[in-house]
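J.: Need a 3D model of the following:
(one chain, ligands or ions: 1)
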Amino acid sequence: MPQLASRFKTLPAYPLATIPQKKRELAARGVDVIDLGAGDADMAPPPKAVEALARAVHTPAMNRYGFGLGLVAYREAVSTWMQKRFGLRFDPLTEVVPLIGSKEGISHLALAYLEPGRLAIIPEPGYNAYQGGTMLASGEPYRYALRPRTDFLVELDEIPEDVLRRTRLLYLNYPNNPTAAIAPVDYLERVVRTCRERDILLVYDNAYSELAFDGYVPPSIFEIEGAREVAIEFHSLSKTYNMTGWRCGWAVARPELAGALAKVKSFVDTGQFMAVQAAGTAAIESWAEFVPPNVAIFRERRDAAVKAFREAGFECETPRATMYLWIRLPDGMPSAIFADRLLDEEGGVVMAGSAFGEGGEGFFRISFITSPARIAEAAQRAGRLLASMSAVGVAT
Ligand SMILES: Cc1ncc(COP(=O)(O)O)c(C=O)c1O
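T.: Residues are numbered from 1 along each chain as shown. Next up, the predicted model:
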C-alpha cells in the first residue's frame with residue numbers, strides 16, 4: 001500500500017463532507033429534514049448573471065482555457081467595484097487574482113508562504129480552509145480560540161513571542177464565520193501594525209463584506225493605513241450573489257503578493273471557466289439593484305431566527321453581519337452530540353461548534369438560509385432536544 005504523506009495523515013475530516021449523504025438517507029426514510037448547516041442560501045443568483053452565463057457558453061471563445069489572465073472584463077469589474085465600494089484602487093492586471101471560489105485561493109496561498117517550521121495563526125472556530133491550506137503546505141497551525149472574552153477577536157499580544165517569531169501567515173475573517181463577530185477599525189489598525197513589525201502576511205477573508213445589517217458597513221482591510229504592505233484580501237461572489245455553486249471569487253493585493261498566488265495557481269489550475277467570469281462580471285455590475293433587496297431578505301430571516309431560537313430556550317446575540325447565529329449551549333453539553341442527535345432525532349441540520357475546531361465548543365451555528373417559517377420549525381425541534389438533554393443532565 002503506498003504510504004500517505006504525514007501532513008495528509010494529520011488532516012481531520014472536513015466537517016460538512018458527510019452531511020449531504022446523511023440528509024439523503026434521512027429523506028429516503030421520509031424524514032422532513034431542515035438544513036441550517038452550510039452557508040448556502042436558497043435564493044436565486046442575479047438574473048443578469050444567469051443571462052450572461054447563457055450567452056457566454058454559446059460563444060466558442062469563452063469555452064477555451066482562461067489561463068491565469070482569464071476574462072479581462074472580470075478583472076476590470078472587480079477593480080471598479082473595489083474603487084466604488086471602498087474607495088481603493090487596484091490595478092486590474094497586476095493586483096487582482098480571479099479565483100475558482102475564494103476557498104481555492106485562500107488554501108492555495110499557503111503553498112507560496114509556508115514550509116516546515118513556519119506557522120500560520122488560525123482563529124478557531126474558523127473557516128476550515130485556513131487549517132487545511134496550512135497543513136497541506138506543511139506549515140504548522142497555531143490555533144487561537146475565539147471566545148466571548150475577546151469579543152471573538154484574535155489578540156496578537158496574547159500569542160507567545162516564540163510563536164510570533166516563526167509566524168508567516170495570520171488568517172482573519174470579519175465579519176466572521178461562524179461567530180458572526182465584526183472587527184472594530186482600531187482593532188484592525190493594531191493588527192496591521194503588528195503584521196508590519198513582524199513581517200506577517202495578513203490573509204484577510206472578507207467573504208461577508210456585503211452581508212451586513214442595521215447600517216453596519218464592513219470595511220476592506222486596505223482602508224487601514226499600511227495594510228498594502230502586508231495584506232491580501234479575499235472576496236467571494238458566493239454569499240453576496242447567492243452563487244455558491246458557481247465557484248467565483250477574487251483576491252486583491254499589491255503585485256508581489258497577488259503574483260505569488262497567481263504563480264501557485266498557474267501550476268494547479270488553468271483558470272476559471274470564462275463563462276463563469278462573464279456571469280461574475282454581470283453579477284458584480286448588478287450590485288446596486290441586486291444586493292440591497294437580497295440583504296433585506298437575510299435581515300428578515302435573521303430576525304426570525306433570533307426570535308425563534310430565543311423562544312426555544314437558547315442564548316444568542318443579534319448578529320450585525322453574515323448569515324449565521326452562533327448559539328450558546330448549556331455548560332458541559334457537547335456540541336457534536338447535540339448536532340448529531342438533532343439530525344438523527346429531529347431531522348435538523350446545524351453545525352456543532354466543535355466542527356470548527358475545539359475553540360468552538362460550547363456553541364453551535366445555524367445559517368439563516370431558508371424561510372422564516374422553516375427556521376422557526378427548526379428552532380422548535382432544537383428546543384425540544386435541548387429540553388430533553390437538559391432534563392437528563394448533560395448527555396455525554
Ligand atoms: C469565511 C469564509 N471564507 C470563504 C468562504 C468560501 O467561499 P467561496 O464559496 O468563495 O469559496 C466561506 C464559505 O463558506 C467562508 O465562510
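J.: in the stretch 201-350 of the chain, which spans are strands?
T.: 201-205, 231-236, 249-252, 324-328, 348-349 (DSSP state E, counting those that start in this stretch).
J.: I'd like to know the average pLDDT value across the shortest one.
T.: Averaged across strand 348-349, pLDDT comes to 94.
J.: Determine the number of other residues adjacent to Gly117.
T.: When neighbours are defined as other C-beta atoms under 10 Å, Gly117 has 10 of them. No exception for glycine: its C-beta is placed from N, CA and C like everyone else's.
J.: before we move on, what about Gln21?
T.: Neighbour count of Gln21, defined by other C-beta under 10 Å: 9.
J.: Show me the strands in the stretch 1-150 of the chain, by range?
T.: Applying DSSP E, counting those that start in this stretch to the stretch 1-150 of the chain gives strands spanning 34-35, 96-99, 119-124, 140-145.
J.: Please name the strands paired to the last one in the sheet, noting orientation.
T.: It stands for strand 140-145. With DSSP bridges as the criterion, the sheet partners recorded for strand 140-145 are strand 119-124 (parallel).
J.: CA atoms only: put the strand it pairs with into PDB for me.
T.: Extracted C-alpha coordinates of strand 119-124, given in PDB (Å, rounded to 0.1, in the frame of the first residue of the first chain):
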ATOM      1  CA  LEU A 119       3.500  28.900  11.400                       C
ATOM      2  CA  ALA A 120       0.100  30.200  10.500                       C
ATOM      3  CA  ILE A 121      -2.100  31.700  13.200                       C
ATOM      4  CA  ILE A 122      -5.600  30.300  12.700                       C
ATOM      5  CA  PRO A 123      -8.700  31.500  14.500                       C
ATOM      6  CA  GLU A 124     -10.700  28.700  16.000                       C
END
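J.: Could I get the buried residue list for it?
T.: Leu119, Ala120, Ile121, Ile122, Pro123, Glu124 (16 or more other C-beta atoms under 10 Å).
J.: and which of those is nearest the ligand?
T.: Pro123 (10.0 Å; C-beta to the nearest ligand atom).
J.: Could you report the neighbour count for whichever residue of the stretch 251-396 of the chain sits closest to the ligand?
T.: For the stretch 251-396 of the chain, the nearest residue to the ligand under the criterion C-beta to the nearest ligand atom is Thr322, separated by 8.2 Å. Neighbourhood size, Thr322 [other C-beta under 10 Å]: 30.
J.: Now for it: which residues touch it?
T.: For Thr322, the contact set (C-beta atoms under 8 Å, 6 or more residues apart in numbering) comprises Gly39, Pro175, Asn176, Asn177, Ala180, Tyr208, Leu211.
J.: and the gap between the second one and Pro219?
T.: Remark: distance between Pro175 and Pro219 (C-beta to C-beta, to the nearest Å) = 10 Å.
J.: Which of the two has more residues huddled nearby?
T.: Pro175 (26 against 17).
J.: Quick check, Ser79 in contact with Val96.
T.: Yes. Counting by C-beta atoms under 8 Å, Ser79 touches Val96, with 5.9 Å between them.
J.: Got phi/psi on the residue nearest to Ile297 when sequence neighbours are not counted?
T.: In space, and not counting its chain neighbours, Ile297 is closest to Met43: 6.4 Å by C-beta to C-beta, 6 or more residues apart in numbering. Torsion angles at Met43 (phi, psi; degrees, to the nearest 10) stand at phi -90, psi 170.
J.: mind listing what Met43 touches?
T.: Asn242, Asn294, Ile297.
J.: In helices, which of the residues you listed appear?
T.: Secondary structure from DSSP state H places Asn294, Ile297 of these in helices.
J.: can you put the contacts of Met43 in a markdown table and add distance to the ligand?
T.: Output for the contacts of Met43, formatted as a markdown table (distance: C-beta to the nearest ligand atom, whole Å):
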| residue | distance to the ligand |
| --- | --- |
| Asn242 | 11 |
| Asn294 | 16 |
| Ile297 | 18 |
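J.: and Asn176, how many neighbours does it have?
T.: Residues near Asn176, counting by other C-beta under 10 Å, number 26.
J.: and it, that one's in a helix?
T.: No. Residue state for Asn176 (DSSP: H, G, I helix; E, B strand; the rest coil) corresponds to coil; a helix is not indicated.
J.: How about the secondary structure of the residue nearest to it when sequence neighbours are not counted?
T.: Of all residues not flanking Asn176 in the chain, Phe152 sits nearest, at 6.1 Å (C-beta to C-beta, 6+ apart). Under the three-state scheme (three-state DSSP), Phe152 adopts coil.
J.: any idea how far Phe363 is from Phe152?
T.: Distance from Phe152 to Phe363, by C-beta to C-beta: 10 Å.
J.: Residue ranges in the stretch 101-250 of the chain under the pLDDT threshold?
T.: For the stretch 101-250 of the chain, no stretch has pLDDT under 70.
J.: picking that back up, would you mind telling me which of Phe152 and Phe363 has more residues around it?
T.: More crowded of Phe152 and Phe363, by other C-beta under 10 Å: Phe363, with 25 against 22.
J.: Just to check, the more buried one is in contact with Pro330?
T.: No. Using C-beta under 8 Å as the test, Phe363 is too far from Pro330 to be in contact (11.2 Å).
J.: And the contacts of stretch 141-154?
T.: Contacts for stretch 141-154 (C-beta under 8 Å, 6+ apart): 119-126, 130-131, 134-135, 158-159, 163, 167, 170, 172, 176, 179, 181, 183, 187, 191, 357-360.
J.: I appreciate the help and will end here.
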